[in-house]
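# Next one to model:
(chains A and B)
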Protein chains: 2
Amino acid sequence: MKMTIGGITVSNRKEDFLATFRAHRKVTNDLIALIDEKKLDFAPTDTSMPVGKLANHILEATYTFARLANNQSPAKLFDDDDNTELKSKASTYTQETEKLIASMSEEDFDKTIDVSDMLGEKLPAEKVLETGMHHEIHHKGQLFVYVRAMGHDDLPYYISL
Amino acid sequence: MKMTIGGITVSNRKEDFLATFRAHRKVTNDLIALIDEKKLDFAPTDTSMPVGKLANHILEATYTFARLANNQSPAKLFDDDDNTELKSKASTYTQETEKLIASMSEEDFDKTIDVSDMLGEKLPAEKVLETGMHHEIHHKGQLFVYVRAMGHDDLPYYISL
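Numbering: from 1, shown residues only, chains lettered A, B, ... in the order given. Sure thing, here's the model as predicted:
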């Protein structure tokens, strides 16, 4: 949350970002909990990414954005052929992503990160995190339609208030 | 974009937010352009909102979030039974939403807005805009699956870089 002190804007961007991350990730994880482990190959259209792959992509990408914001290289916590249950992977990714964000200082949010490979430019760490959040919200929106197509119609609000 | 001057974080939040809004809205409008005006009742599942209603909801909601951030009450630019083509509505909403954001001063971003009815709390105008942006990204994510289910598989990236 930002405040104006003496006409200058200051903020506690870490707590603000952590709250936003948790509010959306809770919903991502609630949707993942509805996915039948036997139906990870389900896709709502012929050309769609399968649901298991989409869920993994959300978890891996947000973790990678958090690593990049911390000046670390992209990495996955599970191999592509790892058979750990999706819910369990979601729990591990959520914890590790939170740790990365929580480890940042206020100054770290202003550090310039070279994300030319992924986003075509250098960005402040804060913007890298914001982009990661938008990426997760985008794919979580898709996941809502997937889960509904899998027969679930009692779904959460898009953000946990 | 935020910068640190003398250890204190300052920003040009309007230009930053406008750039983010435009980068996502361009994609929203590109998806809307793919929707056949004769198929506004299409829904990807039995319990889904029809595509025409979803597209209108995105446009109306982001405009309302921008009005709220400007201390104005919610309003629609077209009646529910208005037959204006969806693409044309999208163009009008995009222009009017941009105008509202562009009219804000840096100080306006810090003003406290009572959005208790919609979000259960009072929030700084900046947070109201951010929430509106997240709301659009969420529903735009859903729209990607809808448009794919309507037979389009050559779709844009989720953000216009």
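# For chain A, give me the ranges with low pLDDT.
Along chain A, the model assigns pLDDT under 70 to residues A:1-11.
# can you give me the helices in it?
A:13-34, A:51-69, A:86-102, A:116-119, A:125-149 (DSSP state H).
# So which of those helices is the most surrounded?
Stretch with highest mean neighbour count among the helices of chain A: helix A:125-149 (a mean of 23; mean count of other C-beta atoms under 10 Å in any protein chain shown). For the C-beta atoms, the positions are set from N, CA and C on the backbone; glycine is no exception.
# the inter-axis angle of that helix versus helix B:13-34?
30 degrees (axes from the mean of the first three to the mean of the last three C-alpha atoms, to 10 degrees).
# tilt between helix A:125-149 and helix A:86-102?
160 degrees.
# Just give the number of residues close to A:Lys122.
With neighbours defined by other C-beta atoms under 10 Å in any protein chain shown, the count for A:Lys122 comes to 12.
# pretty sure it contacts A:Lys111?
No - using C-beta atoms under 8 Å, A:Lys122 makes no contact with A:Lys111, being 10.3 Å away.
# Can I get the helices of chain A in JSON lines including distance to chain B?
Listed next are the helices of chain A as JSON lines, based on distance: least, C-beta to the nearest C-beta, whole Å:
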{"stretch": "helix A:13-34", "distance to chain B": "8"}
{"stretch": "helix A:51-69", "distance to chain B": "10"}
{"stretch": "helix A:86-102", "distance to chain B": "17"}
{"stretch": "helix A:116-119", "distance to chain B": "7"}
{"stretch": "helix A:125-149", "distance to chain B": "2"}
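# Tabulate the ones you listed in a markdown table, adding columns for distance to B:His135.
Below are the helices of chain A laid out as a markdown table (distance: least, C-beta to C-beta, whole Å):
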| stretch | distance to B:His135 |
| --- | --- |
| helix A:13-34 | 11 |
| helix A:51-69 | 18 |
| helix A:86-102 | 22 |
| helix A:116-119 | 23 |
| helix A:125-149 | 9 |
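# Show me the one of the ones you listed that comes nearest B:Asn83.
Proximity to B:Asn83 (C-beta to C-beta) singles out helix A:125-149 among the helices of chain A, at 27.0 Å.
# ok and that closest one relative to helix A:51-69, angle-wise?
Relative orientation of helix A:125-149 versus helix A:51-69 (the same axes, to 10 degrees): 170 degrees.
# Quick check: which helices or strands does helix A:125-149 pack against?
Packing partners of helix A:125-149 (3 or more C-beta pairs under 8 Å, 6 or more residues apart in numbering or on different chains; DSSP states H and E): helix A:13-34, helix A:51-69, strand A:112-115, helix B:13-34, helix B:125-149.
# For the closest residue to A:His152 other than its chain neighbours, list the residues it contacts.
In space, and not counting its chain neighbours, A:His152 is closest to A:Leu34: 5.1 Å by C-beta to C-beta, 6 or more residues apart in numbering or on different chains. A:Leu34 sits next to A:Val147, A:Met150, A:His152, A:Leu155 when contact means C-beta atoms under 8 Å, 6 or more residues apart in numbering or on different chains.
# Most neighbours among the residues you listed, which one?
A:Val147 (24 neighbours).
# That one reaches A:Leu155, doesn't it?
Yes - between A:Val147 and A:Leu155 a contact is recorded at 6.5 Å, counting by C-beta under 8 Å.
# got any residues that touch both of those two?
A:Leu31, A:Leu34.
# Please name the residues that touch the most centrally placed residue in chain A.
In chain A, the C-alpha nearest the mean C-alpha coordinate belongs to A:Thr62, at 3.6 Å (C-alpha atoms, centre = their mean). A:Thr62 makes contact with A:Phe21, A:Arg25, A:Tyr93, A:Thr97, A:Gly132, A:Met133, A:His135, A:Glu136, according to C-beta under 8 Å, 6+ apart.
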